[in-house]
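[1] please work out how this folds:
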Amino acid sequence: MEEKEYKKSFIVTGMTCINCVRRVEKALRNIQGVSFASVNLATSTGFIIAEREISLDEIKEAVRSAGYGVSEEKLEDVEKKRYLQNK
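    This next block holds a predicted model:
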């Protein structure tokens with residue numbers, strides 16, 4: 001039986017450097033079930049792949065433990081705003 005992958009993207013707040021990115025990625029990888037975590041400093045976005053559904057609250061807790069935040073705003077809404085501002 002093939003295992004299901006759960007993917008989630010979100011906005012990370014408060015990062016200013018590559019060390020911030022590393023701390024957030026490490027915190028995300030420490031969530032039970034997360035097999036991959038990536039954070040982009042330029043877009044302030046995070047992305048995880050997990051073996052189970054990971055709640056936004058779990059993500060927030062992990063990111064907060066690293067000293068950063070997670071925005072309540074949906075990633076799609078932020079991307080749409082950025083697109084419209086750059087038109």
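
[2] now do the strands in the protein.
    6-13, 34-40, 45-50, 69-70 (DSSP state E).

[3] who's A50 bridged to?
    Legend: beta-bridge partners of A50 under DSSP bridges are Y6, V34.

[4] hang on, it packs against I31?
    Yes. With contacts counted by C-beta atoms under 8 Å, A50 reaches I31, the gap being 7.4 Å. C-betas here are computed from N, CA, C, even on glycine.

[5] still on that earlier bit, any idea which of the strands of the chain is most buried?
    strand 45-50 (a mean of 19; mean count of other C-beta atoms under 10 Å).

[6] got the angle for that strand vs strand 6-13?
    Angle of strand 45-50 versus strand 6-13, following axes from the mean of the first three to the mean of the last three C-alpha atoms, to 10 degrees, is 150 degrees.

[7] export strand 45-50 to CSV, keeping only CA atoms.
    Extracted C-alpha coordinates of strand 45-50, given in CSV (Å, rounded to 0.1, in the frame of the first residue of the first chain):
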residue,chain,number,x,y,z
THR,A,45,7.3,31.0,2.9
GLY,A,46,7.6,27.6,4.5
PHE,A,47,6.7,24.2,3.0
ILE,A,48,6.5,20.8,4.6
ILE,A,49,5.9,17.2,3.5
ALA,A,50,4.7,14.9,6.1
